[in-house]
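> task: produce atomic coordinates for the following.
(2 chains)
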Amino acid sequence: MLQFITKRTATLLAAVAVSSFAVFLIPYVTPGDPVRKIIRSRVAGDAIDESSVHAVAQSLGLDDPLAVQYFRWLGNFFTGDMGLSYSSRTPVAEQVLPALAVTLSLVAMSLGLAAAVALPLGIISGLRPGSLPDKAITAVTQAFIAMPEYWVAPVLVLVFALKLSVLPTAGWNDLSSAVLPALTLALRPISFFTSAVRAGIIDAAAAEHVPAARARGLSSAQSVLRHVIPNGLVPLSTLFAVWFAGLLGGSVIVEVIFAVPGMGRLLFDSLVNSDIPLAQGGVVLVVALAVGVTTLADFVHRFLSPTVGGSLA
Amino acid sequence: MSARLVLEDLEVRRKDDDGGPGGKPLLAGVSLAVDPGEFVALVGSSGSGKTLTSRSCLRLLPPQLQITGGSIRLGDLDLTRAAEPELNTVRGGRLAMLFQQPKRMFNPNRTIGSHLKEPLRLHAGLRGRKARDKAVELLAEVGFADPAKGIRAYPHQLSGGMAQRAMTALALAGQPEMLLADEPTSALDKVLERQVLQLLDRERRQRGLGILYITHNLASVAAYADRVLVMNAGRIVEEGPAGELLTRPKTGYARDLLAAAQLAPETRRRPSPAEREVLVLDRVGKRFGRKRTGTVLEDVSLSLRRGEILGVLGQSGSGKSTLAKAIVGLDAASSGTINRQFDGGTRQPTAVQLVFQEPHNAFDPRMTLRASLQAPLRPRRDLSPDQRDERIAAALQEVELDPLLLDKRPGQCSGGQLQRATIARALLLEPQVLICDEATSALDALTQRTILNLLLRLQREHNLSLIVISHDMDVVRYMCDRVAVLLHGKVVEVAETRDFFAAPQHPHSRALVDASIPCRADGLWTLLDARNPALRGN
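Residues are numbered from 1 along each chain as shown, chains lettered A, B, ... in the order given. Presented below is the predicted three-dimensional model:
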């Protein structure tokens, strides 16, 4: 187990290191000299004094070797100094962290909603595959896959906000303003979770140890509660983490449409404005969080399913 | 307090599409009784309805089957009429069941202790600390050296033998009066089989537990059973006291079963010592991981002559299958050399072929047998499509398999048919060495006999060299010229078969030979010699 934890933690760190280095390189591989970009972002006017280029480069340490710059940048990053945004000239951290908080709560709400809907539906489907309820649930949830967010979002806006006037369509103020974006974001996870739970339950119910449990005197319901449902839900932990990680950066469309001041929107804006420090800070944070969540899910999965790894204790 | 289990005229049929009884009965007129403290054996080849009978007693038939006639009574209780809640108090309580394949009968995500707590709560009303203490006690009773650790173990951490002991503890937890034991030992080697059967025998002596023992292993029947029932095609065809039925079977079917169970060593043309060696293993080792505990094979040195049949004996986990994989080249050895001296040079990757244990797992379930048999010939560009078909047809003829089966899928074939197909597939590539890894241990005695004879004939006609890997002493004695014994990845003894069985040298070899219940050609009485107290360990 200890070996597993160290291995996974090492993988996590490696993933963060590689992706952060890639992100760090962005200003060097995009056209133009980074020093000039920085000066241009701070000084009005087109003319750039060559001596100031040299001075700025030296004062910011941009003439040091790349490796030195990278580690300085990384060190600063994790002590909370993510640099200055080009466009707003405020510290990146001050923009990124609130945005991350907004996105985290949006993602948590939509995945919570998705799980709350998908668990009962998937269990009902999986326990009676081929039945009428199963067919209905499968048809409806599978249809969600085919509904892109940029289509669902306007439709929800039209129905709930404009026709019924019950929910706000934009902003991030109270819980009611979170309903539509969370719902939009939840639809596809609902369909994936439902089919995963359904498949997991069908597999778990077919296992030979289930009739063996009946032979010990467990009623049909008891055997389902103890041996079918818990086993059927194990695969969900990994899927849940993958979606969590995916939505952290994948909520752009929804955030833009509903004007939610979250991470996706921030990254979108930073790219539109070529605000490289902001983009760097946001991306590294999202990557670190995504890798962290999937690693955590691996631990949870390992805990739920003792046969994974198959080591003899 | 203890009650008889009585089945009268039991009939089971498959439900037809509208839910009514349809088709031929799968069980017809099955009547039997088991008294308290009695050890009754139910024998027959696979598909004869033995398992269906035991599942009927617990009213746990697959949903598409139903009981359409007769009655099952436990004491005064008519199980065929009892309602679900009442049945739940009987299942695992008064009437418990032991299963084949113990490891698959545990929930892999729960500990052994968690399993044991179920019957303890349901049938003995024990919870929490008391249930835990009782679970530890039960594991100690079935022979766990460290029962406190045992209840915290997950099923995959137990060996096959320990899993069957845990399953036995689970069955005994509800203090049953009657035990249905459905081939509880067929996945175990002989040493473990004997331990489990001794455990059951002790329970019936000490507590008057009635046992219905379902098996196709007649040697164990001879050693333990009071009465024997022979089942064929859903009917009881013969019954009687064990001694009488096993020595003077009345029906032809029972005689066939007995003959098949007794694998007498036949006189076979033995390969001359002058035949050259086709395979020489020199200090072959295999390790997984870095630690010492990961060593599966250590310094295995063996040789195989042309036309020779070498038996490799060993208990589960001794490294037999790893050895087979190393020889075929599926999994490279970590150390040592394997020298191959085949006709037509050493570089013939297909000259060694493998016949697998579980024929159902050796085929892709979605492919027809034709597609599965064509696959190994696909890289042979030198053969035209017609030549390939001819080869497949010839191989089928060799293994006496109906060409009509080619268009079936594995699920539609019997274990015996599939094992023939596995052998045919191995023959397609014209092997010189055939490795049979427990090739018949998943088959019933009758089918096993025909497959072994098929292998012997092929060996004779093609002058093949065979490596027969088995935990079944009778199979090894029946087939092999020489025997190698594997223990914890090391070869502890190599001897001529005759010498080996007459005087095994290594203590482990002696344990293996002693555990096997002798079954010789010189008459059926030897079966009953096995019914002696020393062998039973009482």
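> hmm, which helix or strand of chain A has the shakiest average pLDDT?
helix A:34-42 (a mean of 69; mean pLDDT, DSSP states H and E).
> after it, which helix or strand is next?
Toward the C-terminus, helix A:34-42 is succeeded by helix A:50-59 as the next helix or strand (DSSP states H and E).
> what comes into contact with that next one?
The contact list for helix A:50-59, computed with Cβ atoms under 8 Å, 6 or more residues apart in numbering or on different chains, reads A:D33, A:V35, A:R36, A:I38, A:I39, A:L62, A:D63. Heads up, the C-betas are built off the backbone N, CA and C, glycines and all.
> any stretches of the stretch 1-150 of chain A with poor pLDDT?
Where the stretch 1-150 of chain A drops to pLDDT under 70, the residues are A:1, A:31-32, A:34, A:37-38, A:40-48, A:60.
> just the stretch 401-538 of chain B next, same as before
Ranges of the stretch 401-538 of chain B meeting pLDDT under 70: B:516-538.
> that's a helix at B:V228, yeah?
No: under DSSP: H, G, I helix; E, B strand; the rest coil, B:V228 falls outside any helix and is assigned strand.
> roughly how far does it sit from B:P507?
34 Å (Cβ to Cβ, to the nearest Å).
> then B:R165?
Distance, B:R165 to B:P507, using Cβ to Cβ: 23 Å.
> those two: which has the busier surroundings?
B:R165 (25 against 11; other Cβ atoms under 10 Å in any protein chain shown).
> what about the helix or strand where the more buried one lies, distance to the chain center?
For B:R165, the host element (DSSP H and E) is helix B:160-172. Distance of helix B:160-172 from the chain centroid (Cα atoms, centre = their mean, to the nearest Å) equals 17 Å.
> what mean pLDDT does it have?
Per-region confidence: helix B:160-172 scores 87 on mean pLDDT.
> contacts for that helix, please.
Around helix B:160-172, the neighbours that count as contacts under Cβ under 8 Å, 6+ apart are A:216, B:92, B:96-99, B:102-103, B:105-106, B:112, B:115-116, B:119, B:135, B:138-139, B:141-144, B:150, B:155, B:158, B:179, B:184-185, B:187-189, B:191-192, B:195-196, B:199-200, B:203, B:316.
> next helix or strand past it?
strand B:178-182.
> tell me what that next one is packed against?
helix B:50-57, strand B:95-98, helix B:190-207, strand B:210-215 (3 or more Cβ pairs under 8 Å, 6 or more residues apart in numbering or on different chains; DSSP states H and E).
> which residue packs closest to the spatially most central residue of chain B, ignoring adjacent ones?
By Cα atoms, centre = their mean, chain B has its centre lying nearest to B:S186, at 3.7 Å. Counting by Cβ to Cβ, 6 or more residues apart in numbering or on different chains, B:S186 lies nearest to B:Q100, which is 5.7 Å off, once chain neighbours are set aside.
> contacts only, for the one you found.
B:D182, B:E183, B:P184, B:S186, B:A187 are the contacts of B:Q100 under Cβ under 8 Å, 6+ apart.
> pull out the buried positions in the longest helix belonging to chain A.
Ranked by number of residues, the top helix in chain A under DSSP state H is helix A:92-127. Buried residues in helix A:92-127, defined by neighbour count with 16 or more other Cβ atoms under 10 Å in any protein chain shown: A:92-93, A:95-97, A:99-100, A:102-104, A:106-107, A:109-111, A:113-115, A:117-119, A:121-127.
> with just CA atoms, put stretch A:171-185 into CSV.
Included here for stretch A:171-185 are C-alpha records, laid out as CSV according to Å, rounded to 0.1, in the frame of the first residue of the first chain:
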residue,chain,number,x,y,z
GLY,A,171,-24.4,36.2,-13.0
TRP,A,172,-23.4,34.4,-9.8
ASN,A,173,-25.2,35.9,-6.9
ASP,A,174,-27.3,33.4,-4.9
LEU,A,175,-28.2,29.7,-5.2
SER,A,176,-30.9,30.4,-7.8
SER,A,177,-28.4,31.8,-10.2
ALA,A,178,-26.5,28.6,-10.0
VAL,A,179,-29.5,26.4,-11.0
LEU,A,180,-29.4,26.8,-14.7
PRO,A,181,-25.6,26.5,-15.3
ALA,A,182,-25.4,23.5,-12.9
LEU,A,183,-28.3,21.8,-14.7
THR,A,184,-26.8,22.4,-18.1
LEU,A,185,-23.5,21.0,-17.0
